[in-house]
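[1] just the structure for this:
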Amino acid sequence: MSRVLKNMAFSAVFLSAGVSYGQAHYSSNVAIGVKGGVDFSQVFFNPSVQQKICIGMTGGVMVRYIEENHFGLIAELNFAQRGWVENFEEAPYNYSRTLNYVELPVLAHIYFGRRGKFFFNAGPQIGLFLGDSTKANFDPRNMASLPDFPYRNRMNEQMLMDVTQKFDYGISAGIGGEFNLNKKNSIAIEARFYYGLGNIFPSKRADTYNASNQMSVMATLGYWFRIK
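    Numbering: from 1, shown residues only. The predicted model follows:
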C-alpha cells in the first residue's frame, strides 16, 4: 500500500511540474522590420586629426527571433554613411569624406515591459566598404599652392589617402524603446553606438597612422511586423 502511495505521489509531482513548465513556457516570437535614421560619426586617428562630426544616413532591414521571455536575437542588413569632417578652425576651408558601408550586425536583444518595452541591444558587427565621396572648397592635391593653408600643428595626409581596408568589424550597443500599435505591429526608437576595431588606412609601424578606426552614434526609427 505504501508503495502505491509513493508511486501516486511521484506521479502527482511529475504532472504538476509538467503543468508548471507548460504555463511558464514562452511562445516564440518572430518579426521582420525596416528602419532608418541619422549616423553621427568620426574617425579616431593616431596621430590625431582635428575634425568635426560627420552626419550621414543609415537604414536597413531587420529580423528578430525571441524564444525566451526578455531575451532574443536580432540580425540586420544596413547601409550606413560614416566618415569625418576636417576642422580648419578659423581658416576658410572645408573638407569632408563620406564612407559608404553595407553592414551586418548580430545583436543580443534584452527587453523589459509589455505594451511599452525598454530594450538593450549589443553584439558584433561586420561591414564591407562600398566607396567614398569627398567634398572640399579647395584641391587637396595642391595644398602647397595655398599661401594661407594651416599646415602647422595638424595632420593633412589623410585627405589624400585612399581607403585600403575594405572589411570593417567592431562592436555595437544601443538602448531604446518599442511601442506596440497592435498584436502584430510596433514602432521602435533606438540610439546605438558603434566602435570599429579595424582601420581604414594601413597601420603598420612605417605607415602614417597607427590607428584610423571609426566611431559613430546612430539615431533610428524602426517598424516591426510580427509574422509568428
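[2] mind checking how far the helix or strand containing Met57 is from the chain centre?
    Applying DSSP states H and E as the criterion places Met57 in strand 54-68. The chain centre lies 8 Å from the centre of strand 54-68; the measure is CA atoms, centre = their mean, to the nearest Å.
[3] could I have it exported to PDB, CA atoms only?
    Provided in PDB are the C-alpha atoms of strand 54-68 (Å, rounded to 0.1, in the frame of the first residue of the first chain):
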ATOM      1  CA  CYS A  54      30.200  63.800 -40.000                       C
ATOM      2  CA  ILE A  55      26.500  63.400 -40.500                       C
ATOM      3  CA  GLY A  56      25.200  60.700 -42.800                       C
ATOM      4  CA  MET A  57      22.300  58.400 -43.400                       C
ATOM      5  CA  THR A  58      21.600  54.900 -42.200                       C
ATOM      6  CA  GLY A  59      18.800  52.400 -42.900                       C
ATOM      7  CA  GLY A  60      18.100  48.700 -43.500                       C
ATOM      8  CA  VAL A  61      16.100  45.600 -42.800                       C
ATOM      9  CA  MET A  62      15.900  43.600 -39.600                       C
ATOM     10  CA  VAL A  63      14.900  40.100 -38.400                       C
ATOM     11  CA  ARG A  64      14.200  39.400 -34.700                       C
ATOM     12  CA  TYR A  65      13.700  36.000 -33.100                       C
ATOM     13  CA  ILE A  66      12.600  35.700 -29.400                       C
ATOM     14  CA  GLU A  67      12.500  32.300 -27.800                       C
ATOM     15  CA  GLU A  68      12.700  33.200 -24.100                       C
END
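[4] sheet-wise, list the partners of that strand with their directions.
    Looking at strand 54-68 with DSSP bridges, its partner strands are strand 29-46 (antiparallel), strand 71-86 (antiparallel).
[5] tell me the first helix or strand C-terminal of the first one.
    Right, strand 29-46. Next element after strand 29-46 (DSSP H and E): strand 51-52.
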